[in-house]
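Asker: Sequence plus the predicted model coming up.
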Amino acid sequence: MAADKAYSSKANRAYLRRRRIGAVIPEKSDQQANRKKRGSAGGRPVGFDAVRYRQRNTVERCFQKIKAWRGLATRYDKSRESYEAGLHLRGSIMWLKLLTPTT
């Protein structure tokens with residue numbers, strides 16, 4: 001599971017560990033300082049894969065671009081078919097913007 005620093009608590013990490021879910025969550029600077037201050041009693045540094053975290057950021061930015069379209073963010077379209085059509089339309093617009101060169 002990839003998450004941002006807001007979810008880096010010991011309780012969240014323990015929950016994921018119990019369920020055998022790998023966590024890609026950076027450690028907050030204050031948590032890191034407290035751990036280092038405690039010395040060997042502070043435990044090991046948390047595992048963190050920066051490449052996987054960057055990939056999470058890319059996916060999150062894509063969702064934000066989709067949500068920028070108000071109709072999708074607020075679920076104005078109540079039927080599944082019209083909502084899905086809106087998703088396809090928004091995805092097509094995002095793809096077309098990638099194809100057009102910017103000056």
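Answerer: Received, thanks.
Asker: Domain map for this protein?
Answerer: 1-63, 68-103 (automatic domain parsing).
Asker: quick one: which of the ones you listed has the weakest pLDDT on average?
Answerer: Mean pLDDT is lowest for domain 1-63 among those, at a mean of 79.
Asker: Need the three-state assignment for N57.
Answerer: Secondary structure assignment for N57 (DSSP: H, G, I helix; E, B strand; the rest coil): helix.
Asker: re the thing from before, which of the domains of the chain is buried the deepest?
Answerer: Among the domains of the chain, the stretch with the highest mean neighbour count (mean count of other C-beta atoms under 10 Å) is domain 1-63, at a mean of 12. Any C-beta I mention is one placed from the backbone N, CA and C, and that applies to glycine too.
Asker: and the helix ranked longest in the chain, C-alpha only, in PDB?
Answerer: Counting by DSSP state H, the longest helix found in the chain is helix 80-99. C-alpha atoms of helix 80-99 as PDB (Å, rounded to 0.1, in the frame of the first residue of the first chain):
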ATOM      1  CA  ARG A  80     -23.500   3.800 -13.900                       C
ATOM      2  CA  GLU A  81     -23.500   4.100 -17.700                       C
ATOM      3  CA  SER A  82     -23.500   7.900 -17.800                       C
ATOM      4  CA  TYR A  83     -20.800   8.100 -15.100                       C
ATOM      5  CA  GLU A  84     -18.700   5.600 -17.000                       C
ATOM      6  CA  ALA A  85     -19.200   7.600 -20.200                       C
ATOM      7  CA  GLY A  86     -18.000  10.700 -18.400                       C
ATOM      8  CA  LEU A  87     -14.900   8.800 -17.300                       C
ATOM      9  CA  HIS A  88     -14.200   7.700 -20.800                       C
ATOM     10  CA  LEU A  89     -14.700  11.200 -22.100                       C
ATOM     11  CA  ARG A  90     -12.400  12.800 -19.500                       C
ATOM     12  CA  GLY A  91      -9.800  10.200 -20.200                       C
ATOM     13  CA  SER A  92     -10.000  10.900 -23.900                       C
ATOM     14  CA  ILE A  93      -9.600  14.600 -23.300                       C
ATOM     15  CA  MET A  94      -6.500  14.000 -21.100                       C
ATOM     16  CA  TRP A  95      -5.000  11.700 -23.700                       C
ATOM     17  CA  LEU A  96      -5.600  14.300 -26.500                       C
ATOM     18  CA  LYS A  97      -3.900  17.000 -24.400                       C
ATOM     19  CA  LEU A  98      -0.900  14.700 -24.200                       C
ATOM     20  CA  LEU A  99      -0.800  14.400 -28.000                       C
END
